[in-house]
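Q: Here is a sequence with its predicted model. Questions after.
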Amino acid sequence: MIKKILISQPRPSSEKSPYYDLEKEYGAQCVFRPFFKVEGLSAKEFRQQKINLLDYTAVVFTSRHAIDNYFKIAKEMRITIPEDMKYFCVIETIALYIQKYVQYRKRKIFFGNTGKIDDLVPVMAKHKAEKFLVPMSSVHNDDVKNMLDEKKLNHAECVMYRTVSNDFTEDEKNNFNYDMLVFFSPTGVKALKKNFPEFKQGDIKIAAFGPATAKTVADEGLRLDVEAPSKEYPSMSSALKVYLKKGKK
């Protein structure tokens, strides 16, 4: 019986979160506790990459962290982003987040439908005249670079933020009594092992969102019990709902 679930993400800002529905329906307590935090690079650190923001006519955003740190660095460097700058986002929710910094205009904001960069690349390919800048985390691979090279798009990648372990306090370690752990990134899985080097899974269930996260669970010698997304379960909450429902029978 799953009674206490650790969700390795910040607490949802909306009261309509599906995780709250799970609590009501299955009596399982969801505890929200990020395993890592994001730190933006300083303007001084960013300058070392020798990237001039105004050399680019379009920006590619894969996360809200990328948006926050792009505009933070621009502000620190006293750079005014031109009004005709174009923004390409992997999904609409990220595109809408840009409103925090600039006025939303459809003619300059474009987005994909799946949240994956390979779905956004065909949209970018329709704008071959643009010079694309892709803000990234310090931990990334060359997948984006290779896709844009393949389409012969003019682009550059730059690091604007880093992820660091959000270490557990001694009190948290002593009261680590969860029936299930839910991870959304490889960094979160690795942070578990960093905080609990002697971690033994036993009966604790582990859920992972995304193939890279699932692979890291296996690489760390842990057992994966729930995986999302899939055709049946597009979100982690929908996968958890089915798993909890089976456990209740």
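A: All right, it came through fine. Numbering: from 1, shown residues only.

Q: Low-confidence stretches in this protein?
A: 249 (pLDDT under 70).

Q: just the strands in it please.
A: For the chain, the strands defined by DSSP state E cover 4-7, 29-32, 36-40, 58-61, 86-89, 109-111, 131-137, 154-165, 180-183, 205-209, 226-228.

Q: who wins for proximity to T80 among those strands?
A: strand 58-61 (14.4 Å; Cβ to Cβ). Quick note: C-beta positions are derived from backbone N, CA and C, even for glycine.

Q: Report the distance from that closest one to the chain centre.
A: Here the centre of strand 58-61 is set off from its chain's centre by 16 Å, with Cα atoms, centre = their mean, to the nearest Å.

Q: neighbouring strands for it, and are they parallel or not?
A: Looking at strand 58-61 with DSSP bridges, its partner strands are strand 86-89 (parallel), strand 131-137 (parallel).

Q: Mind listing what's buried along the last one?
A: When burial is assessed from 16 or more other Cβ atoms under 10 Å, strand 131-137 yields the following buried residues: F132, L133, V134, P135, M136, S137.

Q: residues in contact with L148?
A: V121, M124, F132, V134, H155 (Cβ atoms under 8 Å, 6 or more residues apart in numbering).

Q: Please tell me how far it sits from I206.
A: According to Cβ to Cβ, to the nearest Å, L148 and I206 sit 34 Å apart.

Q: Likewise for K194?
A: The spacing between K194 and I206, counted by Cβ to Cβ, is 16 Å.

Q: was I right about I109 contacting E92?
A: No: under the criterion of Cβ atoms under 8 Å, I109 makes no contact with E92, lying 9.4 Å away.

Q: ok, those two, which is more surrounded?
A: I109 (20 against 13; other Cβ atoms under 10 Å).

Q: could you pull out the helices for this protein?
A: Per DSSP state H, the chain has helices spanning 18-26, 43-47, 64-76, 92-97, 117-125, 143-150, 170-174, 186-195, 211-219, 236-248. These are given in chain order.

Q: Reformat those helices as JSON lines; add distance to V164.
A: Listed next are the helices of the chain as JSON lines, based on distance: least, Cβ to Cβ, whole Å:
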{"stretch": "helix 18-26", "distance to V164": "25"}
{"stretch": "helix 43-47", "distance to V164": "14"}
{"stretch": "helix 64-76", "distance to V164": "13"}
{"stretch": "helix 92-97", "distance to V164": "22"}
{"stretch": "helix 117-125", "distance to V164": "24"}
{"stretch": "helix 143-150", "distance to V164": "22"}
{"stretch": "helix 170-174", "distance to V164": "17"}
{"stretch": "helix 186-195", "distance to V164": "9"}
{"stretch": "helix 211-219", "distance to V164": "17"}
{"stretch": "helix 236-248", "distance to V164": "23"}
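
Q: just to revisit the earlier point, of all the strands of the chain, which lies closest to Q49?
A: Nearest of these (Cβ to Cβ): strand 154-165, 5.3 Å.

Q: what does the closest one rub up against?
A: For strand 154-165, the external contacting residues (Cβ under 8 Å, 6+ apart) are 35-41, 46, 49, 51, 56, 60, 65-66, 69-70, 73, 128, 130-140, 144-145, 148, 185, 187, 190-191, 194-195.

Q: Any figure for the gap between I7 and R33?
A: 7 Å.

Q: now L240
A: Distance from L240 to R33, by Cβ to Cβ: 16 Å.

Q: more neighbours, those two?
A: The neighbour comparison of L240 against R33 (other Cβ under 10 Å) goes to L240, with 26 against 14.
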